[in-house]
Structures are given as C-alpha cells and as structure tokens.
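K.L.:
compute the structure for the input listed below.
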Amino acid sequence: MTTDAERRLAASALSQAGSTALGLAGGVGLSILVARALGPDEMGGYALALMIVTALEAVAGFGLARTAVRFIAGQAGTPEAAGVLRWLLARRLVAAAVATVALVAAAPLFGALFHDDRLPPLLVAGSLVLLANLPASVLESALEGLSRFDLLARVALGGTLLYGGTTLLALALAGSALAVLAAQAVSGLAILGLLALSARRAGALSQRAPAPDAAASRRLLRFARQGYLLSLLSFVVHDRVEVLVLGAFSTQQQVAFYTVALSAAEAAMRLGPLIVATVFFPLLAADWTRADRPALAARYGQCVRYVALTTMPLALVGGVVAEAGVALVFGPSYGPMVPVLRLSLLGAAAAALAEPPAAVLAAAERQDWLLRVRGPLAVSALALDVALVPALGAVGAACANVAVAGVDLVAVGLLTRRLGAATPVLGLGIPLLAGGLAAVAAAPTLGDRTDAPRLILALLVGGAVYVTTLVAARFFTPEDAAIVAPLVRRFRGAPAIVP
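P.N.:
So this is what the prediction gives:
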C-alpha cells in the first residue's frame, strides 16, 4: 500500500459503513412504520408509484452517475476533476427537468394503465423526488470518486434526520401514501443542497474548472452511453421491473410482498457487500488509469474476498431466520412474504457478488462486454416474469430474479479473466462453507419459535459458527491485518503509519 487512497481504505470503509448503517437504520425503520401504517393495499400503490419513479430515473439518468465515479477517480487531485463534474452535472440537471415534466404529464396515463385512481397524485409528488434524486446521484458519485466518504457520512447523518423527521410528520398529520411521498420530496431536495455544499468543500465544484477537451468529452460520452444502456438493462436484470409486471398481472398485495421483501434483502446487502464494492471501485479505476495490472488483479481479489465475507451469512443465515424476522418486524399480515424474502436474499446475494467483476470491467472502460451479457439476460428476465408472475405472483417474480442474477454472476466473473483478474476460488468457497455451517447451526437453535430472544440467540450461534469456521480455514491473512492496522492505531491514539 502506497497511495493516500489506499492508506484511507479502512477509514473509508468505516465511514461508508457508518453512513450506510445510519441510512438503513432510519430507512428500514421508517419503511416498517410506513408499511404498518398504510397496510398491504395502500402500501402496494405507494410501492408502485416509487417503482415508476425509479424506472424513469433509470431512463433519464443517461449513465452519468457511474461516469462521475470512474472519471473523477481517475482525475482525483487535478483541476480536471471539477471540470468533469461540471460537464456531467449540467447535462443531468437538464435531464431532471425534462423527466419531471414528463412524469407529471403522464401521471393520468399510468393511472389508467394500472386501473388505480390513487396513482396519478402519487406520481405528481414522486416527480419532485425524481427532480432531487437525479442531480444528487451525480454529486454523490463525485464524492465517491474522490474517496471522500467522510463527507458522505455527514450528508447521510443530516439526510437521515431530515427524512425521518418529515416522514414521521407526514404519518402523524395525514397517514397517507401521498403525504409520505411529499415528505420524501422535501427531504430529497434538502439532501441535494447538502451534497452540493459537500462537493464544493471537496473542491469538486468550481466555476473556473477547465472543461474537458474534445478527446476527453468523447470518452465521457462513450462511457456514459454504455453506462446508460447498462443501467436500463440492470433495471431489468437486478432491480425491480418485476414490480411493474406484478402491477399489471397480479394484486396490490403481491406488489407489496415483493417490494418489501426485495427492499429488506437489498438493505441487508447494502450494509456490508455493497459498501466494499463502493470503496474499492475508485481504487480499481486508479489502478487501471496507472496501467498497474498486477495491482488491479490483487485488489480485485481483495474485493471479492471481502464481498463474499459479508454476503454469505446474510443470504444463508438470513433465509433461516426469515420467518421469525417477518413475524416480529412486519406482523402477521405479511406472513405470505416469507418465501419471497428467502428467494430475494439469494438474488440480492448474487447481485452483490457480481459487483466486483462489474467494477473491474467499468474501470477498464469495457462496459460493452457487460452489454453483451445483460442484453440477452434482460430479455430472459422479462420472459420469466411474464411466464411466472400470473401463476405464482410475488414468488414467481422472486424466482425469476434469482435465476437471472445467478447467470449474470457467472458471466461477469468469466469476463474479468480476459483482463487478467481471476476470481479467487477460496475467497468465495470458504465464506460459502462457513455460511452454510452457520445456517445449519442457527436452524435448530431457532426451531419453530418466532420470539425476539430466540431469534437473537439463533443469530449469535450462527455468527459464532461462521467466525470460527473462517478462522479454522485460515481465511484471514496478514494483508487483512495491515489494512485494518491504521484504523486501530487511530482509535488508540497512535500515529497511523503504514510502511
């Protein structure tokens, strides 16, 4: 480890973990309150409105957020980084304005399409969420590219307080889906302001920054175009296009079951696996920019190990405790969601494990390879949804998600080998074995009980077995200790010196 970004790796991971945990604690807690307050029927309409907003956000995003991470990471520490951000932000603001107007105009059409008179006003409120989210994602990506996870953590704290306060006020005053969406819009606009201030403090926003030259602009456009197509395909392959199919072919309750289950599974993965991928991506991009292929391969191996380390217990032990967790958190009305949650955890785990190889391909500006994989997968995902959802509802949607995510994981893993970055077999296999043993240990501990004390005991037993298996299999290496050492010294008050 030699670069400043590498020296801050553990600190960056801790900052990102803290902000993610804070956001999840607030977001998941509020989601539970909203789900309980609205009930499955109104929750289904709220989820459908958010899904339409998310779909339009993907359509109007034009791949600019991922472009910000890739090129600002490559230009970090130079005036060109601010020029890249200004170039991207100007285009994103125009797209946000156009998308907002389009959603307001199309709201009555969506209400007629889904046979729901409550949907149009929800979409009008959702258009303001869209207006805030589109430019905010570029600013957030710019801070990630600069590895300023400390600033992102502060924004997360302020954003969580804003979102929590406005949502609780909306539930107390109105208790409707429309009020909750309006609160989300208000907090989103405030968070956009916090991100802009943070980007300026990091030196990424400057009126005097030089604009990208013609050659750089062409690279930005090519990467953004490929990233845009990938975001649309990823929306089908990994995200929630199943919600739209459920809205057309099933009931609002099935929409609610699938949305809540998928949100819970994705929230679990954001708490660990996706933090690792987020922190490592700027370093992978910098390695590729410096043409340091051995460092790229070594860092990719690290990333895969850490993602697997955090993914396996969530997916395998999570499936064992799903029934008790749903009963305690969401209540008996969400009982039919249990098999959907178990499948969603597996699909979310496959998507998380696909992040490191996808990050390598993006760092190498070979998103065209990803397009060749995810294009056919998107068609397959839609075909599976249409085939399974009418008969199986939310369970069918979850089955389609798992199947497509699994194929995508294998395909992108094979593609990285062409760049000299081989997936470490033991780095995946040992956490998989440990997670399986942990699940086997947790199952009899929990039994048929759904009370909180037995659930906590099962999680503790599973966690102990998981860590013990990892240690026995010698999963941890001296390099892992070297990464964590500077952070440990900081907490102890000693100088963080890295040789």
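K.L.:
which residues in the stretch 301-450 of the chain form helices?
P.N.:
322-329, 338-353, 355-363, 367-392, 394-416, 425-446 (DSSP state H, counting those that start in this stretch).
K.L.:
and Phe110, what does it touch?
P.N.:
Ile52, Leu119, Pro120, Leu123 (C-beta atoms under 8 Å, 6 or more residues apart in numbering). C-betas here are computed from N, CA, C, even on glycine.
K.L.:
and with 10 Å instead?
P.N.:
Leu48, Ala49, Ile52, Leu103, Asp116, Leu119, Pro120, Leu122, Leu123, Gly247 (C-beta atoms under 10 Å, 6 or more residues apart in numbering).
K.L.:
cool, Gly203 as well?
P.N.:
Gly203 neighbours (C-beta under 10 Å, 6+ apart): Gly77, Pro79, Ala81, Ala82, Leu85, Leu146, Arg148, Ala209.
K.L.:
repeat that with 8 Å
P.N.:
Counted by C-beta under 8 Å, 6+ apart, Gly203 has contacts Ala81, Ala82.
K.L.:
what does the one 10 residues further on give?
P.N.:
Shown here is Asp213, which makes no contacts under the criterion C-beta under 8 Å, 6+ apart.
K.L.:
quick one: the closest residue to Pro424 other than its chain neighbours and Pro294, what's the gap?
P.N.:
Excluding the flanking residues, the one nearest Pro424 by C-beta to C-beta, 6 or more residues apart in numbering is Gly301, at 4.8 Å. Plainly put, Gly301 is 11 Å away from Pro294 if you go by C-beta to C-beta, to the nearest Å.
K.L.:
repeat that for Thr100.
P.N.:
47 Å.
K.L.:
got it, and Ala256?
P.N.:
For Ala256, the distance to Pro294 - C-beta to C-beta - is 49 Å.
K.L.:
mind checking which of these two has more residues around it?
P.N.:
When Ala256 and Pro294 are compared on other C-beta atoms under 10 Å, the one with more neighbours turns out to be Ala256, at 28 against 9.
K.L.:
show me the contacts for Phe71.
P.N.:
Per C-beta under 8 Å, 6+ apart, neighbours of Phe71: Ala81, Val84, Gly145, Arg219, Leu220, Phe223.
K.L.:
what's the ChimeraX syntax to select whichever of those are buried?
P.N.:
Buried subset of the contacts of Phe71, written as a ChimeraX selection, criterion 16 or more other C-beta atoms under 10 Å:
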select :81,84,145,220,223
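K.L.:
okay, the contacts of Phe71 in JSON lines with secondary structure next?
P.N.:
Output for the contacts of Phe71, formatted as JSON lines (DSSP: H, G, I helix; E, B strand; the rest coil):
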{"residue": "Ala81", "secondary structure": "helix"}
{"residue": "Val84", "secondary structure": "helix"}
{"residue": "Gly145", "secondary structure": "helix"}
{"residue": "Arg219", "secondary structure": "helix"}
{"residue": "Leu220", "secondary structure": "helix"}
{"residue": "Phe223", "secondary structure": "helix"}
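K.L.:
reformat the contacts of Phe71 as JSON lines; add distance to Gly318 and pLDDT.
P.N.:
Shown next, in JSON lines, are these (distance: C-beta to C-beta, whole Å; pLDDT from 0 to 100):
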{"residue": "Ala81", "distance to Gly318": "39", "pLDDT": "80"}
{"residue": "Val84", "distance to Gly318": "39", "pLDDT": "85"}
{"residue": "Gly145", "distance to Gly318": "31", "pLDDT": "82"}
{"residue": "Arg219", "distance to Gly318": "41", "pLDDT": "84"}
{"residue": "Leu220", "distance to Gly318": "39", "pLDDT": "85"}
{"residue": "Phe223", "distance to Gly318": "35", "pLDDT": "85"}
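K.L.:
helices along the stretch 101-250 of the chain, start to end?
P.N.:
119-145, 149-173, 177-201, 214-237, 241-249.
K.L.:
got any ranges where the stretch 51-200 of the chain has weak pLDDT?
P.N.:
Applying pLDDT under 70 to the stretch 51-200 of the chain picks out residues 76-77.
K.L.:
now with 90?
P.N.:
Applying pLDDT under 90 to the stretch 51-200 of the chain flags the ranges 51-52, 54-90, 92, 111-119, 141-165, 167-168, 170-178, 180, 184, 199-200.
K.L.:
now the angle from the strand or helix carrying Gly83 to helix 119-145?
P.N.:
Gly83 is part of helix 79-113 when elements are defined by DSSP states H and E. For helix 79-113 against helix 119-145, the angle by axes from the mean of the first three to the mean of the last three C-alpha atoms, to 10 degrees is 160 degrees.
K.L.:
how many residues are close by the residue nearest to Ala358 when sequence neighbours are not counted?
P.N.:
Among residues not flanking Ala358 along the chain, Val412 sits closest, at 5.4 Å (C-beta to C-beta, 6+ apart). Look at Val412: counted by other C-beta under 10 Å, it has 23 neighbours.
K.L.:
again with Ala96
P.N.:
23.
K.L.:
quick revisit: so which of the contacts of Phe110 comes closest to Leu134?
P.N.:
Leu103 (11.4 Å; C-beta to C-beta).
K.L.:
hang on, the closest one packs against Ser127?
P.N.:
Yes. Here Leu103 lies in contact with Ser127, judged by C-beta atoms under 8 Å, at a distance of 4.3 Å.
K.L.:
common neighbours of the two, please.
P.N.:
Val53.
K.L.:
centroid residue for the chain?
P.N.:
Arg270 (5.7 Å; C-alpha atoms, centre = their mean).
K.L.:
where's that residue relative to Ser250, distance?
P.N.:
For Arg270 relative to Ser250 (C-beta to C-beta), the value is 27 Å.
K.L.:
quick one: the helix holding Gly83 to helix 177-201, angle?
P.N.:
170 degrees.
K.L.:
which parts of helix 79-113 are buried?
P.N.:
80-89, 91-92, 95-96, 99-100, 103-104, 106-107, 110-111.
K.L.:
how is this structure carved up into domains?
P.N.:
For the chain, automatic domain parsing gives the domain ranges 1-212, 244-492.
K.L.:
now those in JSON lines, with distance to Ser231?
P.N.:
As requested, these are exported to JSON lines (distance: least, C-beta to C-beta, whole Å):
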{"stretch": "domain 1-212", "distance to Ser231": "5"}
{"stretch": "domain 244-492", "distance to Ser231": "10"}
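K.L.:
so which of those domains is nearest Leu232?
P.N.:
Per C-beta to C-beta, nearest to Leu232 of the domains of the chain: domain 1-212, 5.9 Å.
K.L.:
who are the contact partners of Glu80?
P.N.:
Counting by C-beta under 8 Å, 6+ apart, Glu80 has contacts Ala209, Pro210, Pro212, Ala216.
K.L.:
and the least confident of these?
P.N.:
pLDDT across the contacts of Glu80 is lowest for Ala209, at 71.
K.L.:
so that residue sits against Ala82, correct?
P.N.:
Yes. If you go by C-beta under 8 Å, Ala209 and Ala82 touch, sitting 3.4 Å apart.
K.L.:
re the thing from before, looking at the domains of the chain, which is closest to Gly227?
P.N.:
Of all the domains of the chain, domain 1-212 comes closest under C-beta to C-beta, at 2.8 Å.
K.L.:
distance of Asp408 from Ala214?
P.N.:
In terms of C-beta to C-beta, Asp408 sits 35 Å off from Ala214.
K.L.:
ok now stretch 124-143, how far from the chain's centre?
P.N.:
Relative to the chain's own centre, stretch 124-143 is displaced by 15 Å; criterion: C-alpha atoms, centre = their mean, to the nearest Å.
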